[in-house]
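>>> Dropping the sequence and predicted coords here.
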Amino acid sequence: DVRISLPAVCFMWQIAMIILFGVFVRYDEESDAHWSEHKRANNITSDIENDFYYRYPSFQDVHVMIFVGFGFLMTFLKRYSFGGVGFNFLIAAFGLQWALLMQGWFHFLDPVDGYIKIGVENIINADFCVAGCLIAYGALLGKVSPVQLMVLTLFGITLFAVEEYIILHVLHVRDAGGSMVIHTFGGYYGLTISWILYRPKLDKRLNGSVYQSDVFAMIGTLFLWMFWPSFNSAISDHGDGQHRAAINTYLALASSVLTTFAISSLSAKRGKLDMVHIQNATLAGGVAMGSAAEFMITPYGSLIVGFCCGIISTFGYLVISPFMEKYLKIQDTCGVHNLHAMPGVLGAVVGAITAAAASESVYGHEGLVNTFNFKGKYAERTPATQGGFQAAGLCVALAFGIVGGAIVGLILRLPFWGDPSDDNCFDDEVYWEVPEDEESIP
Amino acid sequence: DVRISLPAVCFMWQIAMIILFGVFVRYDEESDAHWSEHKRANNITSDIENDFYYRYPSFQDVHVMIFVGFGFLMTFLKRYSFGGVGFNFLIAAFGLQWALLMQGWFHFLDPVDGYIKIGVENIINADFCVAGCLIAYGALLGKVSPVQLMVLTLFGITLFAVEEYIILHVLHVRDAGGSMVIHTFGGYYGLTISWILYRPKLDKRLNGSVYQSDVFAMIGTLFLWMFWPSFNSAISDHGDGQHRAAINTYLALASSVLTTFAISSLSAKRGKLDMVHIQNATLAGGVAMGSAAEFMITPYGSLIVGFCCGIISTFGYLVISPFMEKYLKIQDTCGVHNLHAMPGVLGAVVGAITAAAASESVYGHEGLVNTFNFKGKYAERTPATQGGFQAAGLCVALAFGIVGGAIVGLILRLPFWGDPSDDNCFDDEVYWEVPEDEESIP
Amino acid sequence: DVRISLPAVCFMWQIAMIILFGVFVRYDEESDAHWSEHKRANNITSDIENDFYYRYPSFQDVHVMIFVGFGFLMTFLKRYSFGGVGFNFLIAAFGLQWALLMQGWFHFLDPVDGYIKIGVENIINADFCVAGCLIAYGALLGKVSPVQLMVLTLFGITLFAVEEYIILHVLHVRDAGGSMVIHTFGGYYGLTISWILYRPKLDKRLNGSVYQSDVFAMIGTLFLWMFWPSFNSAISDHGDGQHRAAINTYLALASSVLTTFAISSLSAKRGKLDMVHIQNATLAGGVAMGSAAEFMITPYGSLIVGFCCGIISTFGYLVISPFMEKYLKIQDTCGVHNLHAMPGVLGAVVGAITAAAASESVYGHEGLVNTFNFKGKYAERTPATQGGFQAAGLCVALAFGIVGGAIVGLILRLPFWGDPSDDNCFDDEVYWEVPEDEESIP
C-alpha cells in the first residue's frame, strides 16, 4: 500500500539523512564563518575569490536543469505530467542529500577531523549525481511506483559515487560534464532495470502525448538545451577551463539541432517533424561533449560532434528504440538510450581521442598540465596514456550501469513495492488526486 | 467602473513615480559614470569588485521568483490563470518602484545631498519588498479587483518599509531572507485583509484546478524552489555569508520535499498525493530559513528545519485552512497561512534561537562580528541579547501585518473599488478578454 | 517538398558551418589553454578577471530570452505552438553559428593569423544577431515554411553583420542593447518581407489564441521582461556600464507595464484587459532603452521612456496594426511593429538625445570618455556630434531593414520554398506530426 510505504520511506530516509549529516557534514572553509581568518591566512585579497562567485551562477543553471529541465521533459505524456514532474522533484530532493554524503565520503572527507566539508562545488556535484538517477527514471517513466523510484535512487546514488571515485580518482580520468560518469552510467542503469521489469502486456493507450503536453515538454527541452554549457563547465577549471567548456558545448548543441530537424523531416512520410525528436535529440550534442568540453577540441570539432549526435540520436528514436522493445524486451519510455546512453558512449570516445591527441604545441606546457591535471603522482602521464585511461573509464561506467541495474532491477521486482498494473501504467490516477476535467465545469 | 478606475490609478501613480524619482533618485557610486574615479579614490583595483558582480546573478534569480515564481504559482485555478499571472505582473511592476522610494527614504538617503542612491542591492530589496504584497495577494486571489490590488500594494509597500526599518535598523535584527520582514508580515497582512473582506456566500465552483493548470503552477513552484537559495543569500554578506546562506537554504528545501510527500500521501484515503501540497508545502523550508540562513545553523540544522516545515505546512493545508475558513471566517485562496505565515513565524523563532546560541568558538571572533554586524554602537551586544531582539522583531512583523491588514482591509471594503460579485469570483471573464475555447474551432 | 528541401538545407548549411569554422574559428586568449601564460604575460592576478566571470551570467539570461523568451512568446496561437517554439529553435541554432562567422569577419578577425577568435562576448553577440531574425519571424509567424525561415535567417544575419559594422564601427555609435541594430533593423526587415509576401485571402480562423496558449505565451513574455536588463547590459562596459544599463532597463520595463495595463483597459468596452497587449507592450520599455541604457539617462528618465513606450506600443496594437493590414497590406502576426520597430526607433532617438546632452559635469571626464569610448581617433568627438552620429545610425538600420527586407522578400516569393497555402496558415498540421486530441482517449 502506497499510503504506508511512501510516507514510511520518506520519513525514515529523511531522518537518516539528518542523523548522518549531524555526524558527518560541516561547512567547508569558504562557507564557514571563519572565512575571514582563512582569507588572511592564505593571502586572499578579496571576497570575490570565494569559490561561490566562480561557480554559483553555473550551479543555479544546473539546478534548473535538474528540476525544470528533467522534470518538464517528462511531462510529455498525456496523463502522466504530475508523475513526470512530481516524482522527478521527489527523487531529486532525496538524491541530492544522499549524494552529498556518498560523494563526501569518497572525495571530500577531511582527514584531520573526519568531517565532510561542503561548499558550492559539492552541491553542484550532488545535482550531477542526481542527474544519473533521473536519466534512469526516464527509461521507467510511468511504469514504477514512487517507492521503487526512491529505492532506485538510493542505490543509484551509491553506485554512482563508487563508479565516480574509480573513474575520476583511481583512473584519474577527466569527465567534466559526465559523458561517462553521468550519462553512460545513468542510461544503462535505467535500461537494464527496464529490461528486468519488462512488461509484455503493457497497455500503451496512454503512452503518448497530446498537443499541450508536448508544449510543456518543450519547456524542459529548452532549459536543458540552454543551460547545458553551464552543466559541462560548472566544475571545470577556473578561467579558461570553464570558458572553453561553455563555448564548446554551446556549439555542439547548436549543431545537433540542425541534424535533428533534418533526420526527423527526412524520415517522415510527408516530411513532417516529430516532436519526440525535437524534444530529445537536439540535446545529444550536450551529452556527447561531456568529456571533451574542457579540452582543446576546437570550435569546429565541437560542431562535428553535435552534427553526428543529432543524427545518431534521431536515428535511435526511429530505429533502435522500436528494435530494442521488440527484440531485446527493453521498454524505454523517454528513449534514454538515444539521448543519454549512446551519446554518452560517443562522448567518452570523443574524450579519449581528444585526450590522446593532446600536445604541448596546442595546449602549451602549463595548459596541458592544468587541463589534464598532470600533477603529483600523475606528473609523468602522457596524453596517449590518458586517452587509454579515458577509454577504461568508459568501461567502468558501462559495467556499473549494467551490473548495478541488474541487481537493482531484481530488487525492484520484489512484490511489495506497489507498482502499477499493466493497465494503469502512464496514468496519474494511480498515485495522484487528479482534478476533474474542465468540461465538467457547470 | 474598472475602465475608468484602473487606467486612472495606473497613470496617476506612474506619473507620481516619475516626479518622485526625478526629485529623489540618482545612481549610487557603483552605477554612476564616476565609478572609475571612485575606484581610484578608494584603491579598488578591479571592476570585478563592483557590487554588480557579487549580487547581479542572485538578483536575476530573485526577479524570476517574483514574476515567474509567484506569478505561475497563482495560475493553478482553472479559470483565473490570466488574473494570477497578469495581476501579479502589474502589482509587482508598480510595487518595485514605490519600494525603491520608500526603502530609499528609510535606508539609503545620502545625508550630503538628500538623494536616494540606487544600485543592485536596492533593486534586490525592492523585489523583496514586493514579495510581501504578492504573498498577501495569494490570500485574496480571485476575490479582488486590480484596483484593490494596487491599493493593497501601495499601503503594503509603505508598511513594509516602516516595519523593515524598525526591525533591521532600530532593533538591529538579522533577517537576510525575510522570515519576519517578508513572510510573516506579508502572510498576516493578506490574511487579515481576507478576514475583513470575508464573503459568506462565495461561489466556489471555480475555486479549483484542472489538470493543465496544475502543471502550469508547477512552473511557479519549481522556480521558487530552485532559486530560494539565491533569495536568502542575495543580500547577505559577501563571501562566506552568501555562500553559507545558499547552502543552508538548499538543504532545508530538499528536506521539506520529503516530508511534504510523506504527509500528503499519509493523509489521503488511498495514499494519493495532492498537487496543492506539492506545489506549496515543499517551499516551506525556504521560508523558514529566511532568518537563520546566514548563521552557522549547521547543515543538519537546516535539514531539521526543512523537515519540520514540510510537515507543518502540509498539515496546515489539511487541517488549519479548513478550520480557519469555517470558524475564523478567513478565506485563504492559496493557503498563504501554511506556506508563508506559519513557516515565517517558525523561521523567526529558529533565527532567534540560532542567534542566541551563537558563540566565538563556532564563528570565530571575526566571524561573529561580521555575521551579526556587532559593530559601532552594537559592538557590545551579545548573542543572547541578539536572540531577544530577533524575537522582538517577530512581534513587530506580526503587529504590522495584523494592524496594517485591518486598516487596509477596511479601506478595501469601501464600495467603489469594482470588486467582483460572489458569483464572479475566480473568473477571468470579469477583467479579461478571454478567448473562446478550442472546441469552437470550425 | 519539405521532406527534401528542409533536410537538404539543414545538412548543407551545417556542413558549410563546420568547414568555415575549421578554416576560420579558434578560441580567444581567454578561452584558450594558453590563458595561464596570457595571465602571467599581462600581469593578471586572478582567474576571476577572465571575461567569462563578467559576462557569462548575462549571457545565460540572453540565451534564455532567445530560446524560451522569443520561442514561448510565439506559442500564443491556438494551433501553431509547435511551429512557434520549434522553428524559433531551429533558426536560432543555425543563426548563431552563421553570426559567429559574419560578426567574426567584421569585428573579431585577428590580423596576425587571420583567425576569428571567439570567447564569451562573441556568443552573446551571436545571440543578439539571432534576435534580429527572430523578430522578423514574429511578423511572418504561421505564414512561411521552415525553409523560408532558414533563408530569411541566412540573409538576415548577413545584413545584420554589415549594418552592425557600419553603425558601431564606421559611425562609432553606441547601441548596447540594440535599439537600432537589433530592433529597428529586425522589425522593418520582417515587416517588409511580410509586405512582399502579402496574402489577400489569408484564412484567419486559426489566427488567434486559446486560454492555455495565452498562458504559455506569458512564459515567453515574463522571461523576456525579467532578463531584459541582462540583454541591455550584457556587452556594455565592465563596472558601472553594466550596472547602470541593468538598472535603467529594470526601471523602464516596470514603467511600461503600468501604462500598458492602463491603455489596454481604457480601450476596451467594459475595461477588459487584452492578453495581446500584456504579452507584448509591457516589453516595449526594454526595447526603447536599448541605446541609452548605458548612458546617464537618470532613473526618472528611464521611467519616462518606459511610460511613453507602453502607451505607444499598446496604441499600435489597437490602431496601427489594423491600419497597416488594411491599407498598407502588411500582415504582422505578432505585432512586431508595435513591440520592436516603433520602440526601436524611439529608443534610437532617445539614445541620440541623451548622447547629445551628455556633459563632463554629469559623467566626469573619465566617465564620458569611457561611456562613449571617445578614444583613439574618436578622442576629439563631442557629445553633440555623437548625438548626430547616433541619429545617422538609425537611418542605416532603417535602410538595411527595408531594402534588405525587400530583396529577401522577393527571394522568398520564388515558388519552390514550400510555403503553406492560404487555408493552411497558422496550422501546425502542415509541418508537424500533431498528436490527436485528448478527447479521443478511450
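Received it, and whenever you're ready, just let me know what you need. Numbers count the residues shown, from 1 in each chain, chains lettered A, B, ... in the order given.

>>> low pLDDT regions in chain A?
For chain A, residues meeting the criterion pLDDT under 70 lie at A:437-442.

>>> any chance you could map the strands in it?
A:25-27, A:116-118 (DSSP state E).

>>> what packs against the last one?
Where contact means 3 or more CB pairs under 8 Å, 6 or more residues apart in numbering or on different chains; DSSP states H and E, strand A:116-118 is packed against strand A:25-27, helix A:81-107. All C-beta atoms are positioned from the backbone trio N, CA, C, and that covers glycine.

>>> Could you list the buried residues of the last one?
Within helix A:81-107, the residues scored as buried using 16 or more other CB atoms under 10 Å in any protein chain shown are A:81-104, A:106-107.

>>> Also stretch A:130-146?
Within stretch A:130-146, the residues that count as buried by 16+ other CB under 10 Å are A:130-146.

>>> Could you say which of the strands of chain A is packed most deeply?
strand A:116-118 (a mean of 23; mean count of other CB atoms under 10 Å in any protein chain shown).

>>> what's next to that strand, contact-wise?
The contact list for strand A:116-118, computed with CB atoms under 8 Å, 6 or more residues apart in numbering or on different chains, reads A:24-29, A:31, A:100-101, A:104-105, A:108-110, B:247, B:299.

>>> Out of the helices and strands packed on strand A:116-118, the one nearest chain C is which?
Closest approach to chain C among those is made by helix A:81-107 (11.6 Å; CB to the nearest CB).

>>> Check the offset of the closest one from the chain's centre.
Distance of helix A:81-107 from the chain centroid (CA atoms, centre = their mean, to the nearest Å) equals 11 Å.

>>> Could you do stretch A:360-369 as well?
30 Å.

>>> same question, stretch A:190-198
Averaging C-alpha positions (CA atoms, centre = their mean) puts stretch A:190-198 18 Å from its chain's average.

>>> cool, and stretch A:419-439?
Relative to the centre of its chain, stretch A:419-439 is centred 27 Å away, using CA atoms, centre = their mean.

>>> how about the nearest residue to residue A:74, chain neighbours excluded?
residue A:84 (3.3 Å; CB to CB, 6 or more residues apart in numbering or on different chains).

>>> Could you check how far the residue nearest to the spatial centre of chain A is from residue C:326?
Ranked by distance to the mean C-alpha position of chain A (CA atoms, centre = their mean), the top residue is residue A:131 at 3.2 Å. Residue A:131 is 53 Å from residue C:326, where distance means CB to CB, to the nearest Å.

>>> who's in contact with the residue nearest to the residue nearest to the centre of chain A when sequence neighbours are not counted?
Nearest residue to residue A:131 in three dimensions, chain neighbours excluded: residue A:182, at 5.2 Å (CB to CB, 6+ apart). Contacts for residue A:182 (CB under 8 Å, 6+ apart) come out as A:128-129, A:131-132, A:135, A:160, A:290, A:344.

>>> Leaving out chain neighbours, which residue sits closest to the residue in the stretch 201-350 of chain A positioned nearest to chain C?
Here the residue of the stretch 201-350 of chain A nearest chain C is residue A:271; by CB to the nearest CB that distance is 2.8 Å. Among residues not flanking residue A:271 along the chain, residue C:3 sits closest, at 2.8 Å (CB to CB, 6+ apart).

>>> Mind listing what's buried along stretch A:244-257?
Applying 16+ other CB under 10 Å to stretch A:244-257 flags A:244-257 as buried.

>>> And for stretch A:317-333?
Result for stretch A:317-333 [16+ other CB under 10 Å]: buried residues A:317-318, A:320-321, A:324, A:330-333.

>>> got the residues of the stretch 1-150 of chain A near chain C?
Contact residues, the stretch 1-150 of chain A versus chain C (CB under 8 Å from any CB of the partner chain): A:48-49, A:53-54, A:57-58, A:61, A:78-79.

>>> ok, longest helix in chain A?
helix A:383-412 (DSSP state H).

>>> distance between that one and the chain's centre?
With CA atoms, centre = their mean as the basis, helix A:383-412 stands 15 Å off its chain's centre.

>>> so what secondary structure elements neighbour it?
Where contact means 3+ CB pairs under 8 Å, 6+ apart, helix A:383-412 is packed against helix A:146-164, helix A:185-196, helix A:342-356, helix A:365-372.

>>> Now the residue of the stretch 51-200 of chain A found nearest chain B. Nearest residue, chain neighbours left out?
Going by CB to the nearest CB, chain B is nearest to residue A:93 of the stretch 51-200 of chain A, at 3.6 Å. Excluding the flanking residues, the one nearest residue A:93 by CB to CB, 6+ apart is residue B:257, at 3.6 Å.

>>> doesn't residue B:310 make contact with that neighbour?
Yes. At 6.9 Å, residue B:257 counts as touching residue B:310 under the criterion of CB atoms under 8 Å.

>>> what does stretch A:270-281 rub up against?
Here stretch A:270-281 makes contact (CB under 8 Å, 6+ apart) with A:73, A:76, A:209, A:214, A:217-218, A:220-221, A:256, A:260-261, A:263-265, A:267-268, A:309-310, A:313-314, A:316-317, A:334-335, A:338-339, C:1-4, C:6-7, C:82, C:86, C:89, C:431-433, C:435.

>>> got the buried residues for that stretch?
A:271-281.

>>> Convert it to PDB, retaining C-alpha atoms only.
Taking Å, rounded to 0.1, in the frame of the first residue of the first chain, the C-alpha atoms of stretch A:270-281 are listed here in PDB:
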ATOM      1  CA  ARG A 270       5.400  13.900 -45.900                       C
ATOM      2  CA  GLY A 271       8.400  15.500 -44.200                       C
ATOM      3  CA  LYS A 272       6.600  16.200 -41.000                       C
ATOM      4  CA  LEU A 273       8.700  16.800 -38.000                       C
ATOM      5  CA  ASP A 274       8.200  14.700 -34.900                       C
ATOM      6  CA  MET A 275       8.100  16.500 -31.500                       C
ATOM      7  CA  VAL A 276       9.800  13.500 -29.800                       C
ATOM      8  CA  HIS A 277      12.900  14.100 -31.900                       C
ATOM      9  CA  ILE A 278      12.900  17.800 -31.400                       C
ATOM     10  CA  GLN A 279      12.400  17.400 -27.600                       C
ATOM     11  CA  ASN A 280      15.200  14.900 -27.200                       C
ATOM     12  CA  ALA A 281      17.800  14.500 -30.000                       C
END
